[in-house]
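[1] Fold the following for me, if possible:
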Amino acid sequence: MTSTVPPNAGARAAHPEHLGHVIFIAAAAAMGGFLFGYDSAVINGAVEAIRSRYDIGSAALAQVIAIALIGCAIGAATAGRIADRIGRIRCMQISAVLFTISAVGSALPFSLYDLAFWRVIGGFAIGMASVIGPAYIAEVAPPAYRGRLGAFQQAAIVIGIAISQLVNWGILNAADGNQRGTLVGLEAWQVMLGVMVIPAVLYGLLSFAIPESPRFLISAGRDEHARQVLKEVEGDKIDLDARVAEIEHAMKSEHKSTFKDLLGGSVFFKPIVWVGIGLSVFQQFVGINVAFYYSSTLWQSVGVDPTESFFYSFTTSIVNIIGTVIAIIFVDRIGRRPLALIGSVGMVVGLALEAWAFSFDLVNGKLPAAQGWVALIAAHVFVLFFALSWGVVVWVFLGEMFPNRIRAAALGVAASAQWIANWAITASFPSLADWNLSATYVIYTVFAALSIPFVLKYVKETKGKTLEEMG
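    Presented below is the predicted three-dimensional model:
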């Protein structure tokens, strides 16, 4: 009798017997996200010290802070090809080595120029990890758990942000509130950057403890090894031969994705690639990384003293974690699109209130009390709604939405676009803030509002589908 069960039904229903081990695998891969989050926020503690030590203005300072993102864009654009050639795990290990080198160099710079160089190297490493993490998790996670496990990438990012803020605050207090105070023979800000060695080394060590992606193993002709990994992550109650055959069938209809494969349609790229680019750009153009690269400087600019500004940066990071936990709980229950829309509405409200509060003149170097509290609360509201929506669902979407035949290359382009958008916001904020802080937040509010019709018109739900169903 011919079975009426769809060929991918077993995969969709699969529930691994050792879910804890699968969670460990996803968490280890997501350490790349932790490095991204840590690097994004750790520089927050060094901004004013770098400005002082090298006596530079806002424009030059912004370039030093943002230049790492150029490396991120290059790393993201090339990671897919590298991973298809040598494997996902080797790509993670290369990223860990480069990031370790970058952390040491950033902590011991001879000049502003080599500090910028080390940040580019670190950016390249993070860019690679930003692509490999979501792709690897999507390839090893059972479909029933893929949304929640895919959200580990963003969870790792926000935990990295929070821990770096906490470490910065501790180092600042140890240096008596002076970012240029001396600790262990270095200035406090150098110690902040040097501590990044620890998560970089941990990422490298963890990469030796997790299996290679079954899809890469099958592409390399290592089917038996792939069966072992599938059994490990999806359980032995599924038909392993059928799963391997399903993946092989999907791969036979495709070839190694290249940039050329993404071309098509009336506007250069295929429409699905533009959707991925759009998601990446909107995620950054709402100004989320201003909250993590410049929050201490921002609060100091409206009259908050340095130690309190670091504390507010930490509380924002805690809110970021809470929002991410909410997203992890609901991303597989209500879907990716509804979360994105809820988040967009919340971000519009938070950003608009910040723009209103910052429109008032400072009194004795501070915002009026009412506006100051509104700005502080609205900033936390904005971060909360970003975290419970766009912070998570964009990474999940990018890991799921592309057809197998173009996934690696398309994810690389989309992630690269994300880094470029991140750079544009990061590099422009100091000068825009000097021009008009309120108008700057109006710009971010407009992008948050535009994300709503974009999602409604162009973004399709991927909840509950296997990767092979994407085309």
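[2] what's in contact with stretch 43-51?
    56, 61, 64-65, 68, 112, 115, 164-165, 168, 171-172, 179-180, 187-189, 192-193, 292-297, 300, 306, 310, 313 (C-beta atoms under 8 Å, 6 or more residues apart in numbering). C-betas here are computed from N, CA, C, even on glycine.
[3] Export only the CA atoms of that stretch, formatted as PDB.
    Only the C-alpha atoms of stretch 43-51 are listed here, as PDB (Å, rounded to 0.1, in the frame of the first residue of the first chain):
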ATOM      1  CA  ILE A  43      32.800  49.900  22.600                       C
ATOM      2  CA  ASN A  44      30.000  51.900  24.400                       C
ATOM      3  CA  GLY A  45      32.300  52.100  27.400                       C
ATOM      4  CA  ALA A  46      35.300  53.300  25.400                       C
ATOM      5  CA  VAL A  47      33.700  56.000  23.200                       C
ATOM      6  CA  GLU A  48      34.500  59.000  25.300                       C
ATOM      7  CA  ALA A  49      37.900  57.700  26.300                       C
ATOM      8  CA  ILE A  50      38.900  57.200  22.700                       C
ATOM      9  CA  ARG A  51      37.700  60.700  21.900                       C
END
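[4] now that stretch: mean pLDDT?
    Stretch 43-51 shows a mean pLDDT of 81.
[5] From Cys72, how far out is Gln418?
    8 Å (C-beta to C-beta, to the nearest Å).
[6] intersection of neighbour lists for these two?
    Common neighbours of Gln418 and Cys72 (C-beta under 8 Å, 6+ apart) are Ser130.
[7] of the two, who's got more company?
    Cys72 (32 against 28; other C-beta atoms under 10 Å).
[8] list the contacts for that one?
    Gly123, Phe124, Ile126, Gly127, Ser130, Trp419, Asn422, Trp423.
[9] coming back round to it: which of the contacts of stretch 43-51 fall within strands?
    Glu187 (DSSP state E).
[10] Now that we have the contacts of stretch 43-51, which of them are buried?
    With neighbours counted by 16 or more other C-beta atoms under 10 Å, these contain buried members at 61, 64-65, 68, 112, 115, 164-165, 168, 171-172, 179, 187-189, 192-193, 292-297, 300, 306, 310, 313.
[11] count of residues packed around Phe110?
    Residues lying near Phe110 (other C-beta under 10 Å) number 8.
[12] Okay, it and Gly185: tell me how far apart.
    16 Å.
[13] hang on, the earlier thing: looking at the contacts of Cys72, which is nearest Ala29?
    Ser130 (11.5 Å; C-beta to C-beta).
[14] pretty sure the closest one is touching Phe36, no?
    Yes - applying C-beta atoms under 8 Å as the test, Ser130 and Phe36 come out as touching, 5.9 Å apart.
[15] In contact with Ala449, which residues?
    So Ala449 contacts Ser344, Val348 (C-beta under 8 Å, 6+ apart).
[16] Now Ala352. Nearest residue, chain neighbours left out?
    Thr445 (4.9 Å; C-beta to C-beta, 6 or more residues apart in numbering).
[17] Contacts only, for that neighbour.
    Thr445 neighbours (C-beta under 8 Å, 6+ apart): Val348, Leu351, Ala352, Ala355.
[18] Okay, the third one and Ile288: tell me how far apart.
    The one in question is Ala352. Using C-beta to C-beta, Ala352 is found at 15 Å from Ile288.
[19] neighbour count winner among those two?
    Ile288 (23 against 19).
[20] roughly how far apart are that one and Asn44?
    Counting by C-beta to C-beta - Ile288 and Asn44 are separated by 13 Å.
[21] Hmm, Ile247 is touching Pro214, no?
    Yes - Ile247 lies in contact with Pro214 (C-beta under 8 Å); the separation is 6.8 Å.
[22] list residues touching both of these two?
    Ala226.
[23] for the contacts of Cys72, which one is nearest Ala103?
    Ile126 (11.3 Å).
[24] Now that closest one, what are its backbone angles?
    Main-chain dihedrals, Ile126, degrees, to the nearest 10: phi -70, psi -40.
[25] quick one, what contacts it?
    Residues counted as contacts of Ile126 (C-beta under 8 Å, 6+ apart) are Gly32, Leu35, Phe36, Asp39, Ala68, Gly71, Cys72, Gly75, Ser95, Phe99.
[26] what's across from Ser269 in the sheet?
    In this structure residue 269 is Phe, not Ser. Assessed by DSSP bridges, Phe269 has beta-bridge partners Leu263.
[27] where does the stretch 351-471 of the chain dip in pLDDT?
    464-471 (pLDDT under 70).
[28] JSON lines please, covering the contacts of Cys72 and showing distance to Arg81 and secondary structure.
    Shown next, in JSON lines, are those (distance: C-beta to C-beta, whole Å; DSSP: H, G, I helix; E, B strand; the rest coil):
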{"residue": "Gly123", "distance to Arg81": "18", "secondary structure": "helix"}
{"residue": "Phe124", "distance to Arg81": "14", "secondary structure": "helix"}
{"residue": "Ile126", "distance to Arg81": "17", "secondary structure": "helix"}
{"residue": "Gly127", "distance to Arg81": "13", "secondary structure": "helix"}
{"residue": "Ser130", "distance to Arg81": "15", "secondary structure": "helix"}
{"residue": "Trp419", "distance to Arg81": "16", "secondary structure": "helix"}
{"residue": "Asn422", "distance to Arg81": "22", "secondary structure": "helix"}
{"residue": "Trp423", "distance to Arg81": "22", "secondary structure": "helix"}
